[in-house]
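Participant: Quick one, structure for this:
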Amino acid sequence: MEHTTPDAGTADLYGRAVATIADSLAKSMQVDAATIGENSRLFDELGLDSTTVLELLMTIEEELGMEFETDLLEQHHLETVGALAVFVQEQADEQADEQAGV
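Facilitator: Numbering: from 1, shown residues only. Below is the predicted model:
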């Protein structure tokens with residue numbers, strides 16, 4: 001499944017999510033963050049495993065001040081950095097809608 005880059009109204013959180021994911025992966029995988037981009041494949045390219053995924057999700061939650069509905073997390077969300085950032089954006093949008101009573 002391909003991800004699409006969010007529109008300008010949500011691009012800030014999307015960009016922050018990509019940067020947070022890249023920084024966290026760089027630390028845990030001991031690679032240069034500059035080598036990690038939106039299209040970097042989490043498992044195939046970066047060697048993530050289930051433990052690293054959990055650490056990554058906790059870091060994203062902490063850095064971005066949100067909690068994920070992990071039941072909604074599917075394999076396609078973990079294909080690339082960008083796909084995971086889209087999931088983060090979707091979760092933030094849903095939380096904003098819930099808070100607004102939508």
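Participant: those helices in the protein, which residues are they?
Facilitator: 11-29, 50-64, 81-100 (DSSP state H).
Participant: Same list (those helices) but as TSV, adding mean pLDDT.
Facilitator: Formatted as TSV, the helices of the chain follow (pLDDT from 0 to 100):
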stretch	mean pLDDT
helix 11-29	90
helix 50-64	91
helix 81-100	90
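Participant: Any idea which of those gets closest to Arg41?
Facilitator: Of all the helices of the chain, helix 81-100 sits nearest to Arg41, with 8.5 Å by Cβ to Cβ. Every C-beta, even on glycine, is put in place using the N, C-alpha and C of the backbone.
Participant: Mind giving me the packing neighbours of the closest one?
Facilitator: If you count contacts as 3 or more Cβ pairs under 8 Å, 6 or more residues apart in numbering; DSSP states H and E, helix 81-100 packs onto helix 11-29, helix 50-64.
Participant: Of all the ones you listed, which one comes closest to Glu74?
Facilitator: Each of the helices and strands packed on helix 81-100 has some distance to Glu74 by Cβ to Cβ; the shortest is helix 50-64, at 12.4 Å.
Participant: what's the angle from that closest one to helix 81-100?
Facilitator: 50 degrees (axes from the mean of the first three to the mean of the last three Cα atoms, to 10 degrees).
Participant: Could you check the angle helix 50-64 makes with helix 11-29?
Facilitator: Using the same axes, to 10 degrees, helix 50-64 lies at 140 degrees relative to helix 11-29.
Participant: Pull out the buried residues from helix 50-64.
Facilitator: Within helix 50-64, the residues that count as buried by 16 or more other Cβ atoms under 10 Å are Thr52, Leu56, Leu57, Thr59, Ile60, Leu64.
Participant: elements contacting that helix?
Facilitator: If contacts are counted by 3+ Cβ pairs under 8 Å, 6+ apart, helix 50-64 sits against helix 11-29, helix 81-100.
Participant: switch the cut-off to 7 Å
Facilitator: helix 11-29 (3 or more Cβ pairs under 7 Å, 6 or more residues apart in numbering; DSSP states H and E).
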